[in-house]
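Asks: what follows is a predicted structure for the sequence shown.
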Amino acid sequence: MKGCAVERSVNVTVVYYSSTGTIHRLAEEISETAEKQGAEVRLVRAAELAPRHAVDSRPAWAAHLRDTEDVPVASAGDVLWADAVLFGTPTRFGNVSAQLKQFIDTLGPAWSGGLLADKVYSAFTSGASTHGGMETTLVSIYNMACHFGGIIVPPGGDLNPYGTSHVLGADNAPVGDRALRAAQLQAERVVRVARALKEV
Ligand SMILES: Cc1cc2nc3c(=O)[nH]c(=O)nc-3n(C[C@H](O)[C@H](O)[C@H](O)COP(=O)(O)O)c2cc1C
C-alpha cells in the first residue's frame, strides 16, 4: 500500500558449538531476539568431533550433547540461505573451538564461488576467565569474515564491543542478565543492519 513502509524479511542463521551449554544458551537468546525483530531464524549446531571417551569424561558435556540432539547440525546451505550469520563458540586456548572451525572450513567451496560475500557476520563467545582470550577468539572469527568478503557487525557499546562474551569464572556461573542483555543488543543490531543492507 502506498505510504506504508514494508519491512524486508531477513534470514538469520545462528551457528554455534557448545560443550556444556553456555554458548547454546546465548545462541538461543540471540535466535529468539532476532525472531522478535521479524527475522526468519535457523539455529544450528556444529557437529561434535571429540572422541566419545572425551565427551563421557565430563558428565556435563555428555548431558548437553544428549539434550541438544534435536538441534539440526549445520550445513553450508544454512549459511548460503542467510543474510546474516552469527557464529558462537567457547574460547579454546584463546581461539575458536575445533568443532566450529571445522564447520567453517567446510565452507571452502561456497567461499571460492563468492557465495559468502556481502552477508553480515557477527560472533559471540564465553570463557573461564576475564582475560582468557575471548576477544582474540572473536577477532579470529572476524578474520575469517574478511576472507568471505563479509560485512562485520560487532555490537559496539560497553559490554564487550567485539561480541557477547560470558565469563564463567571460578564458580562456573551460568549465563546471567548481563550477557543476555548483550546478546539481545547484538541480535537487534545484526537484524537492523542486515535489513538496511537488503534495502540498499
Ligand atoms: C580445551 C579447553 C580450552 C579452553 N581455553 C580457554 C581459554 O583460552 N580461555 C578461557 O577463558 N577459557 C577457556 N576454556 C574454558 C571454556 O571457554 C569454557 O568452558 C566455555 O566457554 C564454556 O562454554 P560451553 O559451556 O558452551 O562449552 C577452555 C576450555 C577447554 C575445554
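Replies: Here it is on my side, so go on. Since we're looking at a predicted model, the values are computed, not measured.

Asks: okay, the residue of the chain found nearest the ligand: pLDDT?
Replies: In the chain, the residue that lies nearest the ligand is Gly132 (2.2 Å; Cβ to the nearest ligand atom). Backbone N, C-alpha and C define where each C-beta goes, glycine included. Note for Gly132: predicted pLDDT of 98.

Asks: for Arg58, same thing?
Replies: So, for Arg58, pLDDT stands at 97.

Asks: ok so, going back, what sits against the nearest residue to the residue of the chain closest to the ligand once chain neighbours are set aside?
Replies: Setting aside the residues directly before and after it, Gly132 is nearest to Thr91 in space (Cβ to Cβ, 6 or more residues apart in numbering), at 6.0 Å. Shown in contact with Thr91 (Cβ atoms under 8 Å, 6 or more residues apart in numbering): 125-128, 132-134, 136-137.

Asks: and with 10 Å instead?
Replies: 23, 97, 125-129, 132-138, 140, 165, 167 (Cβ atoms under 10 Å, 6 or more residues apart in numbering).

Asks: let me see the contact set for Leu86.
Replies: Per Cβ under 10 Å, 6+ apart, neighbours of Leu86: 12-16, 26-27, 30-31, 34, 41, 43, 120-124, 141, 153, 163-164, 183, 186-187, 190.

Asks: quick one: name the residues of the protein near the ligand.
Replies: Applying Cβ under 6 Å from any ligand atom, one finds that the chain approaches the ligand through 18-23, 90-94, 126-129, 132-133, 168.

Asks: and the spatially most central residue of the chain, helix, strand or coil?
Replies: Note on the chain: the residue nearest the mean C-alpha position is Phe87, at 2.5 Å, using Cα atoms, centre = their mean. In three-state terms, and counting by DSSP: H, G, I helix; E, B strand; the rest coil, Phe87 is strand.

Asks: could you report the separation of it from Val96?
Replies: Distance, Phe87 to Val96, by Cβ to Cβ, to the nearest Å: 8 Å.

Asks: ok, back up a step: residues near the residue of the chain closest to the ligand, how many?
Replies: For Gly132, the count of nearby residues is 19 (other Cβ atoms under 10 Å).
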